[in-house]
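Student: Give me coordinates for this.
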Amino acid sequence: MGSECGSLGCPHGRRRVRLAHLHWCAAQVSRLTVSKHPAPLSASANCWARASEVSQRDTLGVADENVVKRKKFFDFGSLKVRSMIHSTKNFIDYFSSVRKRTLNYVRVVPTDRINWLPKEGEFTCADIVRHIASSEKMFVGVVTQSKWEYGGHDGNQSSWDELIAYLDQTHTEAMNALQSLPDSDLNQPRPALDGNAQMKVWRWLMAMAEHEIHHRSQLAMYLLLMGITPPHIYGLGVEDLIAKATG
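Tutor: Predicted coordinates:
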C-alpha cells in the first residue's frame, strides 16, 4: 500500500518539508537584514535571499519541484574563476612535453602507412599530423593576435621525416610567437570562432593542449587498427601499473 498522504513518503509530504525549509531560510534573511551587525552576509545572505525567492514562488504555486531543483542557491556567476595558467613560459615548457609524447606516436607509424585511413572521409595519418601543426598555429594566432586562421591539413610531404620536420618547424614558430605574450594577458579575453563570444587566453591555451591530445589518441587508435601496439604514454603499461601500484 502507498504511503499516507502528507507523510514524507508522498510528494505532498516532501513538498511541505521543502517549503518549511525555504520559509526558515527566508526568516533568516529578515533576521540578518535587521541585525546590528549585517557585515558577514555575502554568499550566505545571497543564499538566503534566493531561498526566500523560491519559497515565495513555490507558495504561490508558480514553481514546481523541478524548478526548485534547478534553482541555484549560490550565485556562482559572481565568482571569478582563477586562471589555471599563470606563466606563459611555464605553459610553453608544458606544451613542449605534450608535443614530445605526440611525436612518440607519430614515429611508430610505418612509412608505407603514411596515407592510411580507416575509411573514406577520415583523416589519413599524415592529415592528422598536418592538422595538429595547423591547429597549433591557429590557436597561437588567436591568443596573440585575436585572429582565427586555419592553414589546412593538405600537403605534399611524402615521408615521416618530412612530416616531422614540418611539425617541428611550425611548433618552433608558434612557440616563438607565444613567447611574446605577457603573463598579464593570460586573463584577457579573445574572440571565439563565431565572433559572438569570448574566452580568456589561458582557456584557449588549455583547449590547444586538449586538442592535440585528442588527435594523438586518434593516431593511437589508427595504430591499433593497423595491428600495431601504440607506445605507452609514460613508459608503463597497465600490467606494469598493476604490478607496482597494487599489492
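Student: Where does the record place the domain boundaries for this protein?
Tutor: 11-78, 88-245 (automatic domain parsing).
Student: lowest-confidence stretch among those domains?
Tutor: Among the domains of the chain, domain 11-78 has the lowest mean pLDDT, at a mean of 41.
Student: Which helix or strand contains Trp202?
Tutor: For Trp202, the host element (DSSP states H and E) is helix 201-225.
Student: repeat for Tyr94
Tutor: helix 88-106.
Student: Over to Gly121?
Tutor: Per DSSP H and E, there is no helix or strand for Gly121.
Student: quick one, phi psi at it?
Tutor: With angles defined as degrees, to the nearest 10, Gly121 sits at phi 100, psi -10.
Student: what's around it, how many residues?
Tutor: 6 (other C-beta atoms under 10 Å). All C-beta atoms are positioned from the backbone trio N, CA, C, and that covers glycine.
Student: now Tyr222
Tutor: 22.
Student: Please apply the same query to Ile128.
Tutor: Ile128: 23 neighbours (other C-beta under 10 Å).
Student: Go ahead and confirm it touches Glu212.
Tutor: No: under the criterion of C-beta atoms under 8 Å, Ile128 makes no contact with Glu212, lying 10.3 Å away.
Student: elements contacting the helix holding Trp202?
Tutor: helix 88-106, helix 125-145, strand 189-191 (3 or more C-beta pairs under 8 Å, 6 or more residues apart in numbering; DSSP states H and E).
Student: let's go with 6 Å and repeat that
Tutor: Using 3 or more C-beta pairs under 6 Å, 6 or more residues apart in numbering; DSSP states H and E as the contact test, the elements touching helix 201-225 are helix 88-106, helix 125-145.
Student: And stretch 224-244, what's buried?
Tutor: 226, 230 (16 or more other C-beta atoms under 10 Å).
Student: same deal with stretch 102-118?
Tutor: Neighbour count says stretch 102-118 has 102, 105-106, 108-109, 113-114, 116-117 buried, by 16+ other C-beta under 10 Å.
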